[in-house]
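J.: task: produce atomic coordinates for the following.
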Amino acid sequence: MPTPSHADHLEELRRRVNKRLSELAVEVAGRDPGLSDAISSALTAGGKRLRPLLTALVCEDLGGPLAPAIDAGYAAEMVHTASLILDDLPCMDDARMRRGQPATHRAFGEDVAILAAIALLSGAFSTVATLRGTDAVTRNELTKILSGAVGTRGLVAGQFRDLRNAAGDKGADPEAVNALKTGALIGASVAMGAAIARADTMRKRALADFAEHLGHAFQLYDDLLDTSGDPLAIGKDIGKDSAKATLLQQEGTAGTQVRLNQHLDAAHATLESVFGRDCRMSSALDGVFQGQAALIVRTARTQGVSLS
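T.: Next up, the predicted model:
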């Protein structure tokens, strides 16, 4: 578990992130009531705020300025929220619930949901392109990092392959899909924190390795929840991946848990190589994944699912 001082700091940072998220949500939401309500609802609903926290913690641990890191992390959160809105559409996963409330297309209509996602993507790039407290070179680097995570070498490619790879497809590569669909934006969140802190090339490369392992771990955790989670506890539909090719289907629950732990161990080892043993980021990961592991076990037992 995180040390008391680190846990307190993480909670305070989470409060700052959520406060800033609410402030900036007003700016990106616009003035058209139906559209602005959809954007604000999707963006400020519950969520782990993993991406802005990653950006802020990496930048902070590297000795960089916190305020621009929080705003850059907010840009990553906007991209993430846009991807969730699109992922939930009937033409994709056709989800009914997201973050503990009706999916955006269910609450506001498919047309509004698509427009809201576009507005969030636009807002994300506007945020990094005009980021206060950074110079033009850094803003250009941030824009390149974020755009690379969204396009055909990131989220878009990951979503396409995820939709096309059916369960039982022997040629499917779930880990490659995970790296694109989940890992790309986590990698961008970490990379933006490093860029704002002006980290050297060696540290940037090490943090990219850390982010890759973290992205895999989070996707594997999500796969486990999709089969054993409680929709009310996790705030979204389950069973949506049953027709898709996932590592869980290929290796089973026990094998997936082994892979998850391997990625977490590698992520911690990489962080230690950059920051030493006592860093806020490593402590935060302990807290996040221990809490999530408990959730998996608790909901699995409730539903009579074996995790062995």
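J.: pLDDT wise, what is the closest residue to Ala113 other than its chain neighbours at?
T.: Nearest non-adjacent residue to Ala113, counting by C-beta to C-beta, 6 or more residues apart in numbering: His105, 3.9 Å away. All C-beta atoms are positioned from the backbone trio N, CA, C, and that covers glycine. For His105, the model assigns a pLDDT of 96.
J.: I'd assumed Ala117 was in contact with His105.
T.: No - look at His105 against Ala117 with C-beta atoms under 8 Å: they stay out of range, at 9.8 Å.
J.: now for those two: what residues contact both?
T.: Ile85 (C-beta atoms under 8 Å, 6 or more residues apart in numbering).
J.: and Ala245, what pLDDT?
T.: Ala245 is given a pLDDT of 62.
J.: swap that for Asp237, please
T.: Asp237 is given a pLDDT of 56.
J.: next SSE after the worst-scoring helix or strand of the chain on mean pLDDT?
T.: Lowest mean confidence among the helices and strands of the chain (mean pLDDT, DSSP states H and E): helix 231-234, at a mean of 49. As assigned by DSSP states H and E, the chain's next helix or strand after helix 231-234 is helix 247-275.
J.: and that next one, what does it pack against?
T.: helix 174-178, helix 201-228, helix 280-303 (3 or more C-beta pairs under 8 Å, 6 or more residues apart in numbering; DSSP states H and E).
J.: least reliable of those helices going by mean pLDDT?
T.: helix 280-303 (a mean of 55).
J.: just confirm Leu89 contacts Asp111, I think it does.
T.: No - using C-beta under 8 Å, Leu89 makes no contact with Asp111, being 10.8 Å away.
J.: who has more neighbours out of the two?
T.: Neighbours per residue (other C-beta atoms under 10 Å) separate Leu89 from Asp111, with Leu89 holding more: 17 against 11.
J.: and the residue nearest to that one when sequence neighbours are not counted, what does it touch?
T.: Nearest non-adjacent residue to Leu89, counting by C-beta to C-beta, 6+ apart: His105, 5.5 Å away. By C-beta under 8 Å, 6+ apart, the residues touching His105 are Ile85, Asp88, Leu89, Pro90, Val112, Ala113.
J.: select, from these, the two members most distant in space.
T.: Spatially, the most separated pair among the contacts of His105 is Pro90 and Val112, at 13.9 Å (C-beta to C-beta).
J.: residue contacts, the nearest residue to Thr138 once chain neighbours are set aside?
T.: Nearest residue to Thr138, sequence neighbours excluded (C-beta to C-beta, 6+ apart): Ala195, at 5.9 Å. Taking C-beta under 8 Å, 6+ apart, we find Ala195 in contact with Thr138, Glu141, Leu142, Ile145, Lys204.
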